[in-house]
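> Below: sequence and its predicted model.
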Amino acid sequence: MRTIKKIHKAEYSPIADLITYSPLPSRSLQMIDPFLFLNHHGHQVYKPNNNGLPFGPHPHRGMETMTFILEGDIMHKDSGGHESVITAGGAQYMTAGRGLIHAEVSSSDFKAKGGPLEILQLWMNLPAQHKMMEPAYKGLQKEDIPSFSLEDEKVTINLISGTWGEKKGAFDTVTDILLSTIYFEPGGELKVSVPAERNIFFYIIEGSLTVNGQEVPYRNLVEFNNDGEELEVKASEESILLFGHAVPFNEPVVAQGPFVMNSEAEIRQAYQDYQQGKFGQWKH
């Protein structure tokens with residue numbers, strides 16, 4: 001059975017009027033290779049005639065994002081010409097690669113009507129060989145994401161990427177990364193085996209879960225050792241888990257602002273390329 005190394009409480013760091021909690025990176029944990037960063041926005045309720053999400057046009061290079069929309073919506077637009085509004089239950093997968101500019105805001109409908117909002121964004125690293133690849137984006141609605149329940153119907157897995165037994169996730173990722181959101185009813189139990197060399201990403205969004213005998217409340221990230229394969233997860237209340245795993249890249253990581261590269265020189269080059277317009281043109 002996998003042993004727990006440490007439990008990391010998400011720090012409260014609001015962005016304008018957007019409730020935001022972030023467990024990674026923190027003072028106690030830099031990354032869970034290749035998982036770099038997680039922002040947990042909400043849960044909150046927006047009033048009608050609101051400003052919505054505050055993420056106007058900004059650049060990225062050398063990394064990827066997976067955005068999970070639990071409630072509300074998010075409108076994505078980027079310099080590669082991609083544009084979409086993804087609603088509750090959907091997800092967005094963006095590969096920044098050599099560089100793009102994108103904005104993540106709320107739809108005009110959400111800004112006019114308001115409503116509940118809860119969105120998580122996870123940053124994943126790209127290995128050196130893929131950092132300068134062509135940028136890409138794909139958004140999928142809830143009905144496009146494979147979802148299945150375990151035998152007792154108390155655990156439902158939304159498979160975002162990777163494979164789970166015979167089942168295949170919604171997105172084909174650049175590297176071998178499994179990502180899922182898992183919904184537990186009270187009394188739900190999940191047993192899963194993860195090869196010891198793979199790093200586990202385990203963040204409780206809502207509720208409370210007992211994992212390998214230790215109870216962990218919501219807004220906590222569980223860091224595991226790479227010493228076993230079995231996880232046993234039990235829920236005493238309705239809970240939601242963001243669960244993933246991947247083989248670590250074990251490469252140097254230099255992250256500065258929106259860029260994630262392997263060296264300081266590559267970071268300087270990224271800023272220079274952005275200032276010279278090499279990330280594409282932003283069209284309003």
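Looks like it came in fine.
> only C-alpha atoms for contact and neighbour calcs from this point on.
Fine.
> Which stretches in the stretch 1-150 of the chain count as strands?
Listed in chain order, the strands of the stretch 1-150 of the chain (DSSP state E, counting those that start in this stretch) span 4-9, 11-12, 20-24, 35-46, 55-60, 63-71, 73-78, 83-87, 91-95, 100-105, 115-125, 136-140, 147-149.
> want to throw those strands into a markdown table with mean pLDDT, distance to A170 and mean neighbour count?
Shown next, in a markdown table, are those (pLDDT from 0 to 100; distance: least, Cα to Cα, whole Å; neighbours: other Cα atoms under 10 Å):
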| stretch | mean pLDDT | distance to A170 | mean neighbour count |
| --- | --- | --- | --- |
| strand 4-9 | 97 | 29 | 16 |
| strand 11-12 | 97 | 30 | 16 |
| strand 20-24 | 97 | 25 | 23 |
| strand 35-46 | 98 | 19 | 20 |
| strand 55-60 | 95 | 23 | 16 |
| strand 63-71 | 98 | 12 | 23 |
| strand 73-78 | 97 | 18 | 24 |
| strand 83-87 | 97 | 14 | 19 |
| strand 91-95 | 98 | 9 | 24 |
| strand 100-105 | 96 | 21 | 22 |
| strand 115-125 | 98 | 16 | 20 |
| strand 136-140 | 98 | 8 | 18 |
| strand 147-149 | 97 | 10 | 15 |
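> What's the separation between M124 and N226?
To N226, M124 is 19 Å away according to Cα to Cα, to the nearest Å.
> what's the answer for F243, then?
16 Å.
> tell me the mean pLDDT for the helix or strand where L241 lies?
Taking DSSP states H and E as the criterion, L241 maps to strand 239-246. Strand 239-246 carries an average pLDDT of 98.
> The next helix or strand after that strand pairs with which strands, parallel or anti?
Going down the chain from strand 239-246, the next helix or strand is strand 254-256, by DSSP H and E. When pairing is defined by DSSP bridges, strand 254-256 lines up against strand 259-261 (antiparallel).
> any idea how far the strand it pairs with is from the chain center?
17 Å (Cα atoms, centre = their mean, to the nearest Å).
> How about the helix ranked longest in the chain, which residues are buried there?
When the chain is scanned for its longest helix (criterion: DSSP state H), the result is helix 264-275. Residues of helix 264-275 classed as buried: 267, 270-271, 274 (neighbour count, 16 or more other Cα atoms under 10 Å).
> ok, back up a step: possible to save the strands of the stretch 1-150 of the chain as TSV with distance to G187?
Converted to TSV, the strands of the stretch 1-150 of the chain look like this (distance: least, Cα to Cα, whole Å):
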stretch	distance to G187
strand 4-9	22
strand 11-12	29
strand 20-24	27
strand 35-46	24
strand 55-60	38
strand 63-71	22
strand 73-78	30
strand 83-87	29
strand 91-95	27
strand 100-105	37
strand 115-125	24
strand 136-140	30
strand 147-149	14
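> centroid residue for this protein?
L122 (2.4 Å; Cα atoms, centre = their mean).
> Quick check: the gap between that residue and F201.
For L122 relative to F201 (Cα to Cα), the value is 10 Å.
> Out of the strands of the stretch 1-150 of the chain, the one nearest V222 is which?
Comparing those against V222 with Cα to Cα, the closest turns out to be strand 4-9 (4.6 Å).
> Now do the closest one against strand 20-24, angle only.
160 degrees (axes from the mean of the first three to the mean of the last three Cα atoms, to 10 degrees).
> circling back: for the buried residues of helix 264-275, give me CSV that also has pLDDT.
Converted to CSV, the buried residues of helix 264-275 look like this (pLDDT from 0 to 100):
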residue, pLDDT
I267, 97
A270, 96
Y271, 96
Y274, 93
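> For S108, state which of these is nearest.
For these, the nearest to S108 is Y274 (28.9 Å; Cα to Cα).
> If we ignore the residues flanking it in sequence, what's nearest the closest one?
P59 (7.6 Å; Cα to Cα, 6 or more residues apart in numbering).
> list the contacts for the one you found?
For P59, the contact set (Cα atoms under 8 Å, 6 or more residues apart in numbering) comprises 99-102, 258-259, 274, 279.
> What's the end-to-end length of stretch 158-173?
16 Å.
> can you tell me the average pLDDT over that stretch?
In this model, stretch 158-173 has a mean pLDDT of 97.
> hang on, the earlier thing: tell me the bridge partners for the residue nearest to Y274.
I101.
> With H76 as the reference, measure out to it.
Taking Cα to Cα as the measure, P59 falls 13 Å from H76.
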